[in-house]
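Novice: no sequence on this one, just coordinates:
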C-alpha cells in the first residue's frame, strides 16, 4: 500500500463511544477525518479524545516511552466488569454510509517488551496527534474491522469482523472495469544508447588492432633473434697456422725437394706451381702461372737458396 492508496482510504469519524462500568461516554464531540493504515500500530487521535480514554480507563502516561501504561489495578478492575468494556467507532463514507465498528477492551490490552521498555509492561495503543494530518486508525483498529478496496474505481468499504464458529465463506471477486485498459509502463527511450554502443564497438576495434600490432612486432623480434642465434652457432674455420718450430734442416729439405711438407703440399723446384690440395692452408691463395719475368726471378732465388744450402 503506497501513499496514494492511503489517501483514498480516508473515512469520517462521527462519534466514538466508550462503554465501561455500565456507562457510555462519548469521547468525540465533533466529527473528524482519519486515514486507515495497517502499517502503523497505534491509534493517532485528537487530544480531547485521548483525554477521555485516560479518564475512563485510568491510563498513566510515560514521558520517556510516550506510551499509556495499564496498571495491574486497572486490569483487575476491567476483568471484574460485566459486560467487558468496549469502544465503538461510528464511521461514515460515501459508499457504505454510516457503519459502527466495535472493539473489545482486549484489542487495546497490548504488551510492550524490551528494548521498547525496561520491563515487560501492558500498554494502551494510543497516541496524541499533533494536527489533523496525523489522525490514523492503525493495526489496533483492524483487529475487529476489515476493508474491501477497489482502487481502480476509487472506492472502498469498511465492515465489522464477525468471529462466528463455522461461519459460511462468502468471497466476491472484483473484476477490472471494461473501459480501463491495464498497460505496463515502458521506460522512455534513451538518447545515449546509440552513442554508448558506438563507443563500445570503437573500443573493441581499437583493442583488436593493438593486439595484432603487438603480435606482429613480437614475431618479427623473435625471428630476428632466432637468426642471430643460428649464425652464432655456425663453426668458424680458422686458417691453419704454419708450425713455427720447423728448424732450418727441415726447411732446407723442403727447399731441395728431399722432404714433403706436413701439410701435404709438394712441388719440385723448376716446375710451374700448381694449386694446393683442397683443405690446405694455402688453398685459399690464388696461384697464377709464372710469367717469363717471374721465372727468371724464381731461378735466381732458387740458385741463391742452393748456394746457401751448400754453405
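Specialist: Arrived safely, thanks for sending. Please read these numbers as outputs of a predicted model, since none were measured by experiment.

Novice: Could you use CA atoms for every contact and neighbour count after this?
Specialist: Fine.

Novice: confidence score at residue 210?
Specialist: At residue 210, the model reports a pLDDT of 89.

Novice: Three-state assignment for it, please.
Specialist: helix (DSSP: H, G, I helix; E, B strand; the rest coil).

Novice: measure it to residue 216 for me?
Specialist: Distance of residue 210 to residue 216, given as CA to CA, to the nearest Å: 10 Å.

Novice: Could you do residue 91 as well?
Specialist: For residue 91 relative to residue 216 (CA to CA), the value is 86 Å.

Novice: helix or strand for residue 41, which one?
Specialist: With elements delineated by DSSP states H and E, residue 41 resides in a region that no helix or strand encompasses.

Novice: give the contact list for it.
Specialist: 125, 138, 139, 140 (CA atoms under 8 Å, 6 or more residues apart in numbering).

Novice: Can you get me a residue count around the third one?
Specialist: Neighbourhood size, residue 139 [other CA atoms under 10 Å]: 19.

Novice: now the last one
Specialist: The burial count assigned to residue 140 is 21, neighbours taken as other CA under 10 Å.

Novice: now swap in the first one and tell me
Specialist: The burial count assigned to residue 125 is 21, neighbours taken as other CA under 10 Å.

Novice: Was I right to think it contacts residue 42?
Specialist: Yes - using CA atoms under 8 Å, residue 125 is in contact with residue 42, at 5.0 Å.

Novice: any shared contact partners between these two?
Specialist: In contact with both residue 125 and residue 42: residue 140, using CA under 8 Å, 6+ apart.

Novice: where do the contact lists of residue 210 and residue 216 overlap?
Specialist: Contact criterion CA under 8 Å, 6+ apart; residues shared by residue 210 and residue 216: none found.

Novice: How is the protein partitioned into domains?
Specialist: As given by automatic domain parsing, the domain ranges for the chain are 3-160, 269-276+287-311.

Novice: Looking at those domains, which one is packed in the most?
Specialist: Among those, the stretch with the highest mean neighbour count (mean count of other CA atoms under 10 Å) is domain 3-160, at a mean of 16.

Novice: Distance check, residue 105 against residue 70.
Specialist: In terms of CA to CA, residue 105 sits 12 Å off from residue 70.

Novice: Then residue 112?
Specialist: 11 Å.

Novice: about what we covered before: pLDDT and distance to residue 147 added to the contacts of residue 41, as a markdown table?
Specialist: A markdown table is the format used below for the contacts of residue 41 (pLDDT from 0 to 100; distance: CA to CA, whole Å):
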| residue | pLDDT | distance to residue 147 |
| --- | --- | --- |
| 125 | 96 | 21 |
| 138 | 94 | 13 |
| 139 | 94 | 12 |
| 140 | 94 | 14 |
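
Novice: What ranges does this protein have for its strands?
Specialist: 10-20, 23-26, 32-36, 43-45, 60-62, 67-69, 86-93, 97-104, 110-112, 121-124, 126-128, 136-137, 145-150, 155-160 (DSSP state E).

Novice: Export those to TSV and append columns for distance to residue 225.
Specialist: Listed next are the strands of the chain as TSV, based on distance: least, CA to CA, whole Å:
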stretch	distance to residue 225
strand 10-20	88
strand 23-26	105
strand 32-36	86
strand 43-45	88
strand 60-62	91
strand 67-69	88
strand 86-93	94
strand 97-104	96
strand 110-112	85
strand 121-124	89
strand 126-128	89
strand 136-137	87
strand 145-150	83
strand 155-160	87
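
Novice: To residue 75, which of those lies closest?
Specialist: Proximity to residue 75 (CA to CA) singles out strand 121-124 among those, at 9.1 Å.

Novice: and the closest one, what's its mean pLDDT?
Specialist: Strand 121-124 comes out with an average pLDDT of 96.

Novice: just stretch 25-45 next, same as before
Specialist: 90.

Novice: Same question for stretch 72-80.
Specialist: 92.

Novice: before we move on, what about stretch 91-110?
Specialist: Mean predicted confidence for stretch 91-110 is 88.

Novice: Mind listing residues that contact that stretch?
Specialist: 11-15, 70, 84-90, 122-125, 140-141, 143-145, 155-160.

Novice: mind redoing it with 6 Å?
Specialist: Residues from elsewhere that reach stretch 91-110 (CA atoms under 6 Å, 6 or more residues apart in numbering): 11-14, 85-90, 122-124, 144, 157, 160.
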